[in-house]
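**Q** Predicted model follows, preceded by the sequence.
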Amino acid sequence: GGNVYILDLIGFETDSIIVTAIEGERGLEVRCPACQVRSQIDRDDSGWEIACQYCGTALRVNPFTVAVRASRQIPPALPVEKLAEEKGIASKPVWLSGHQDRITSVALTPDGRRAISGSLDNTLMVWDLQSGKLLRTLRGHWDEVNAVAVNPDELQAVSGSRDTTLKIWDLDSGEELCTLEGHTWPVTSVVTDPDGYVAISGSEDSSLKVWALDDWIHLFTLVGHGLGPVNALSVSPDGSRAITCSSDDWELRLWDMENARSGYGSITTGIKKRMEEIHTLIGHTDVVNALAVTSDWRYAVSASSDKTLRIWDLERGALLSTLEGHTDHVQAVAVTPEGRYAISGSMDKTIKIWDLRLGTLIRTLEGHTGPVSAVALTSDGTRAVSGSWDKTIRLWDLRSGADQQILEMDSGVVHGVRDESHEQASETDE
């Protein structure tokens, strides 16, 4: 419940907005539209006025004017459910042993219950995000793991490595199901299609390869990207378009994949198919390290060593906005399912949450002691997982900015508890 009041923001570029506030004996509890943190505004003779307790934005409420409408209504930036209670997330950080080197990549299962991390130590690790416990270690690559993706059925993961191969893993048993060979240089990125039929990998050999996940074979190679390494890629849900970025030209390219998609059901291998370029997205002044695309494929967000993120209109191939705030290379980016918000990880050791519609910074998350190299979001957009050079994975509640779990990996010393039901599997991994 609660009355609806006009809330004016001092020094915040927006019109009056509708805010639902709970009225008590002394004041109102309001949610700051800048950072979404709740603040208590005490009653006095002049009305209600405070600075937001978290971000410092000046807030003023006119308690005598009940708003029936306003020129602009801003929805809550982040869900307000009691996530920790519903998901059973531990309230205290949990420290676990694990990776021996920098974390390079993180992927989540669609249900948001497990995370899979890849590392320079040549391994992948599967984590239970509800308990913070290490479930199993996946060993098989003989060089660093650069990328990981999870099949939509949540049963398998696909990893790409500097050893030039991809591997398919059974997430429940930890078994290596298959090794896919074909790239001539390190594999840098991998994605799976929404149906789980194919995986597409990018490599320093400048090619993209399409693999059948049911037959575990190479279907064909996509060419046209150019001579530079494929740093990151994303493929549209219907497989009709792809977007890639390279470390050679600081640009992103949007591709028509219709010709390639027609061969997904083919068992003929070794064929090369040329992608048709739709747009070249130019604007960054240094290497583009990562990209993310909204679910409707209207917009993309790119992360660069020029310390910025950029928002792109994919229909027009136009730059919409530049997001500035990081003080070092931006290494990772992810977008919430509805496409309203993005999170980024940087060499400056921080994670930032951005409002993509307004082009503004909402919050900075601090806690990592090394560069943040990977970020991922749960499918409901309420939690984020980050991986860092400090060998930890952190689970963040995006409502409060608090890290709910710390999965620390530091040379095998166990600082927390271990899931005894997985002891046998863990011993086998050793």
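**A** Now that the structure is in, tell me what you want to look at. Keep in mind that this is a model prediction, so the values were computed, not measured.
**Q** all contacts plus neighbour counts: C-alpha atoms, from now on.
**A** Noted.
**Q** which residues does the residue lying closest to Val372 once chain neighbours are set aside contact?
**A** With C-alpha to C-alpha, 6 or more residues apart in numbering as the criterion, Val372 has its nearest non-adjacent residue at 4.3 Å, and that residue is Ser388. Residues in contact with Ser388 (C-alpha atoms under 8 Å, 6 or more residues apart in numbering) are 102-104, 368, 370-374.
**Q** mind redoing it with 10 Å?
**A** Going by C-alpha atoms under 10 Å, 6 or more residues apart in numbering, Ser388 touches 101-106, 119, 345-347, 349-350, 368-375, 394.
**Q** Select only the buried ones of those in ChimeraX?
**A** Here is the ChimeraX command that picks out the buried ones among the contacts of Ser388, judged by 16 or more other C-alpha atoms under 10 Å:
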select :101,102,103,104,105,106,119,345,346,347,349,350,368,370,371,372,373,374,375,394
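**Q** does Ala374 belong to a helix or a strand, and which?
**A** In the assignment (DSSP states H and E), Ala374 maps to strand 372-377.
**Q** then the helix or strand just after that strand to CSV, C-alphas only?
**A** Downstream of strand 372-377, the next assigned helix or strand under DSSP H and E is strand 383-388. Only the C-alpha atoms of strand 383-388 are listed here, as CSV (Å, rounded to 0.1, in the frame of the first residue of the first chain):
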residue,chain,number,x,y,z
ARG,A,383,21.7,-11.5,-9.4
ALA,A,384,25.1,-11.2,-11.1
VAL,A,385,28.1,-13.4,-10.9
SER,A,386,31.6,-12.0,-11.5
GLY,A,387,35.0,-13.6,-12.0
SER,A,388,38.3,-12.0,-11.4
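**Q** By average pLDDT, which secondary structure element in the chain comes out worst?
**A** Ranking every helix and strand in the chain by mean pLDDT, DSSP states H and E puts helix 83-87 at the bottom, with a mean of 35.
**Q** After that helix, which helix or strand is next?
**A** strand 103-108.
**Q** I'd like the next helix or strand past that next one.
**A** Downstream of strand 103-108, the next assigned helix or strand under DSSP H and E is strand 114-119.
**Q** so what strands line up beside the helix or strand that that following strand is followed by?
**A** For strand 114-119, the following helix or strand on the C-terminal side (DSSP H and E) is strand 123-128. Within its sheet, and counting by DSSP bridges, strand 123-128 is paired with strand 114-119 (antiparallel), strand 133-139 (antiparallel).
**Q** Any stretches of the chain with poor pLDDT?
**A** Along the chain, segments meeting pLDDT under 70 span 1-97, 224-227, 259-270, 400-430.
**Q** what are the ranges of the helices in it?
**A** With DSSP state H as the criterion, the chain has helices at 83-87, 258-261, 423-429.
**Q** and of the strands paired with strand 123-128, who's closest to Ala332?
**A** Nearest of these to Ala332, taken as C-alpha to C-alpha: strand 114-119 at 14.0 Å.
**Q** Now Leu124. Nearest residue, chain neighbours left out?
**A** For Leu124, ignoring the flanking residues on the chain, the nearest one in space by C-alpha to C-alpha, 6+ apart is Gly118 at 4.5 Å.
**Q** Buried residues, stretch 288-305. List them.
**A** For stretch 288-305, by 16+ other C-alpha under 10 Å, it's 288-294, 297, 299-305.
**Q** Can you get me the start-to-end distance on stretch 350-366?
**A** 5 Å (C-alpha to C-alpha, to the nearest Å).
**Q** Over to stretch 141-152?
**A** In stretch 141-152, first residue to last residue: 23 Å (C-alpha to C-alpha).
**Q** Name the residues of that stretch that are buried.
**A** Residues of stretch 141-152 classed as buried: 141, 143-152 (neighbour count, 16+ other C-alpha under 10 Å).
**Q** what do you get for stretch 184-197?
**A** Neighbour-count burial for stretch 184-197 flags 185-194, 196-197 (criterion: 16+ other C-alpha under 10 Å).
**Q** What is the burial count for Thr165?
**A** By other C-alpha atoms under 10 Å, the residues close to Thr165 number 23.
**Q** For the spatially closest residue to it that is not a sequence neighbour, give me phi and psi.
**A** For Thr165, ignoring the flanking residues on the chain, the nearest one in space by C-alpha to C-alpha, 6+ apart is Glu181 at 5.1 Å. Main-chain dihedrals, Glu181, degrees, to the nearest 10: phi -120, psi 140.
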